[in-house]
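K.L.:
Return atomic coordinates for the entry below.
(one chain, ligands or ions: 1)
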Amino acid sequence: RQFHLGMFEIGRPLGKGKFGRVYLARERSSGFICALKVLYKAELQHGSGVEKQVRREVEIQSNLRHPNILKMYGHFHDSKRIFLILEFAGRGELYKHLRRENRFPEWKAAQYVAQMASALRYLHRKHVIHRDIKPENILVGIHGELKISDFGWSVHAPNHRRTTLCGTLDYLPPEMVKPHGNGNDNSYDEKVDLWSLGVLTYEFLVGEAPFEDTMVMTHRRIARADMTIPSFVSPEARDLIKKLLVLDPDKRLPLDAVQQHPWIIKHCVKGERATNREKGRGGE
Ligand SMILES: COc1cccc(-c2nc(Nc3cc(C)[nH]n3)cc3ccccc23)c1
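P.N.:
This is a model prediction of the structure:
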């Protein structure tokens, strides 16, 4: 389907991302509400990693269909700008909710982790590694469901990083912060997202990342998986965090086991029990 700017009524600016602005938009003929991400070609230095990242973001995200992954419906460009037509997530950025609430109650954190595990399982089945799972890259839908957005850093597994990292190291696993740490070239696979899921779980429950420190110290603490979990974190949640923040990628808890973990099962009641509870009926 061919898209062009005239097809959309542009609404209020939602905010600015690192490489572009995001606007609420409505497709004129259908009235369909979406988010339009506008990137200025001039800002994407030619031949740098950023241009390739945008291309990859479009290629990967356009082919994904999952309730916890922000949909990309299409894209188009004019002489100066690239436009990404994205799903609109009504409750905005997850990290703003986390900052406002300081930390999430365990039932909410567990439901969020279960949704992220489900999205990551879907991505890994397609051999896509996200590599940048953090609250800043997650949006919240109108029903409170999480939507992974920003696939700028995602790649097809296994991969060897070429673009220099910038921004926070907090979410990076040991195998990405200490190159050549794994004997051969610093290649890695989907298991980097398991580490990031552990960091995310910790940050949901504690309100800050486990290795947050100065750049040098963060580096060192990640490389040693050196973190302390506050006593207010329940033993079940502590157990899951410790099974994900493991130095050896092969020893990290796989996603299907995350979804079956006691802490997740305890808080993510499914099926009729949940409905009964909502309706206040007995468990008949
Ligand atoms: C920096 O602030 C930014 C940046 C980008 C988006 C928002 C934002 N986004 C969305 N939804 C979205 C965004 C996309 C790509 N799909 N759905 C909703 C919001 C609601 C209140 C405030 C802010 C919002 C903020």
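K.L.:
Now do stretch 122-141: distance from first to last residue.
P.N.:
Terminal residues of stretch 122-141 lie 19 Å apart, using C-alpha to C-alpha, to the nearest Å.
K.L.:
tell me which residues of that stretch are tucked away?
P.N.:
Within stretch 122-141, the residues that qualify as buried by neighbour count (16 or more other C-beta atoms under 10 Å) are 122-124, 128-141. Any C-beta I mention is one placed from the backbone N, CA and C, and that applies to glycine too.
K.L.:
Which one of the residues in this structure is closest to the ligand?
P.N.:
Ranked by C-beta to the nearest ligand atom, the top residue of the chain for proximity to the ligand is Gly15, at 2.1 Å.
K.L.:
That residue and Val22 touch, don't they?
P.N.:
Yes - in this structure, Gly15 sits in contact with Val22. The criterion is C-beta atoms under 8 Å, and the distance is 5.7 Å.
K.L.:
Who has more neighbours out of these two?
P.N.:
Of the pair Gly15 and Val22, Val22 is the one with more neighbours under other C-beta atoms under 10 Å, namely 18 against 11.
K.L.:
Quick one: residues contacting the more buried one.
P.N.:
Residues near Val22 by C-beta atoms under 8 Å, 6 or more residues apart in numbering: 13-16, 35-38, 86.
K.L.:
follow-up on the earlier one: which residues touch the residue of the chain closest to the ligand?
P.N.:
Taking C-beta under 8 Å, 6+ apart as the contact definition, Gly15 lies against 21-22, 92-93.
K.L.:
would you list the contacts of Val22 in JSON lines and tack on secondary structure and pLDDT?
P.N.:
JSON lines is the format used below for the contacts of Val22 (DSSP: H, G, I helix; E, B strand; the rest coil; pLDDT from 0 to 100):
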{"residue": "Pro13", "secondary structure": "strand", "pLDDT": "94"}
{"residue": "Leu14", "secondary structure": "strand", "pLDDT": "93"}
{"residue": "Gly15", "secondary structure": "strand", "pLDDT": "90"}
{"residue": "Lys16", "secondary structure": "strand", "pLDDT": "85"}
{"residue": "Ala35", "secondary structure": "strand", "pLDDT": "96"}
{"residue": "Leu36", "secondary structure": "strand", "pLDDT": "96"}
{"residue": "Lys37", "secondary structure": "strand", "pLDDT": "94"}
{"residue": "Val38", "secondary structure": "strand", "pLDDT": "94"}
{"residue": "Leu86", "secondary structure": "strand", "pLDDT": "96"}
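K.L.:
Just give me the neighbour total for Glu208.
P.N.:
12.
K.L.:
Look at it and give its secondary structure.
P.N.:
coil (DSSP: H, G, I helix; E, B strand; the rest coil).
K.L.:
who's in contact with it?
P.N.:
Glu208 neighbours (C-beta under 8 Å, 6+ apart): none.
K.L.:
What score does it have for pLDDT?
P.N.:
Per-residue confidence for Glu208 comes out at a pLDDT of 95.
K.L.:
Quick check: the gap between it and Val199.
P.N.:
In this view, Glu208 and Val199 are 11 Å apart by C-beta to C-beta, to the nearest Å.
K.L.:
The top helix by length along the chain: which residues count as buried?
P.N.:
Taking residue count as the measure and DSSP state H as the definition, the longest helix of the chain comes out as helix 106-125. Buried residues in helix 106-125, counted by 16+ other C-beta under 10 Å: 106, 108-124.
K.L.:
mind listing what the following helix or strand past that helix pairs with, with the direction of each?
P.N.:
Using DSSP states H and E, the next helix or strand after helix 106-125 towards the C-terminus is strand 128-129. In the sheet, strand 128-129 lines up against strand 155-156 (antiparallel) (DSSP bridges).
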